[in-house]
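Trainee: Just the structure for this:
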Amino acid sequence: MYVDKNLLLSKMSLRGYNISSLAEATGINRDTISNVLNGKTAPSYPVMNAIFYELKLTPQEAIDIFFSSNLRNTKVKT
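Mentor: Alright, predicted model coming up:
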């Protein structure tokens, strides 16, 4: 799963978070957040959920960050 790193970093910055402070606020390991941002690890549902609520994302913002580009590149078989 691809995460829109730039959009997520932008939302973090707008809310006053860096990787360490977001990790502390969500209870997610700092390395996990770093790995998600760097594309090394796909975020699990609990990680996405924690980030969604902590950053006060709208549903559309969450889709744009966590799903949008992945879905655009997926072909539907008919």
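Trainee: going forward, measure contacts and count neighbours with C-alpha atoms only.
Mentor: OK.
Trainee: Show the pLDDT at Y2.
Mentor: For Y2, the model assigns a pLDDT of 78.
Trainee: any idea which element it lies in?
Mentor: Assessed by DSSP states H and E, Y2 sits outside every helix and strand.
Trainee: residue ranges with poor pLDDT in this structure?
Mentor: Residue ranges of the chain with pLDDT under 70: 1, 68-78.
Trainee: show me where it has strands.
Mentor: Secondary structure of the chain (DSSP state E): no strands located.
Trainee: where along it do the helices fall?
Mentor: Remark: helices assigned in the chain by DSSP state H are 5-14, 19-26, 30-37, 45-54, 59-66, 68-72.
Trainee: Please list all residues in contact with N38.
Mentor: Counting by C-alpha atoms under 8 Å, 6 or more residues apart in numbering, N38 makes contact with K5.
Trainee: State the distance from it to P59.
Mentor: Per C-alpha to C-alpha, to the nearest Å, N38 is found 22 Å from P59.
Trainee: returning to what we had before: mind putting the helices of the chain into CSV with mean neighbour count?
Mentor: Shown next, in CSV, are the helices of the chain (neighbours: other C-alpha atoms under 10 Å):
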stretch, mean neighbour count
helix 5-14, 15
helix 19-26, 16
helix 30-37, 17
helix 45-54, 15
helix 59-66, 17
helix 68-72, 14
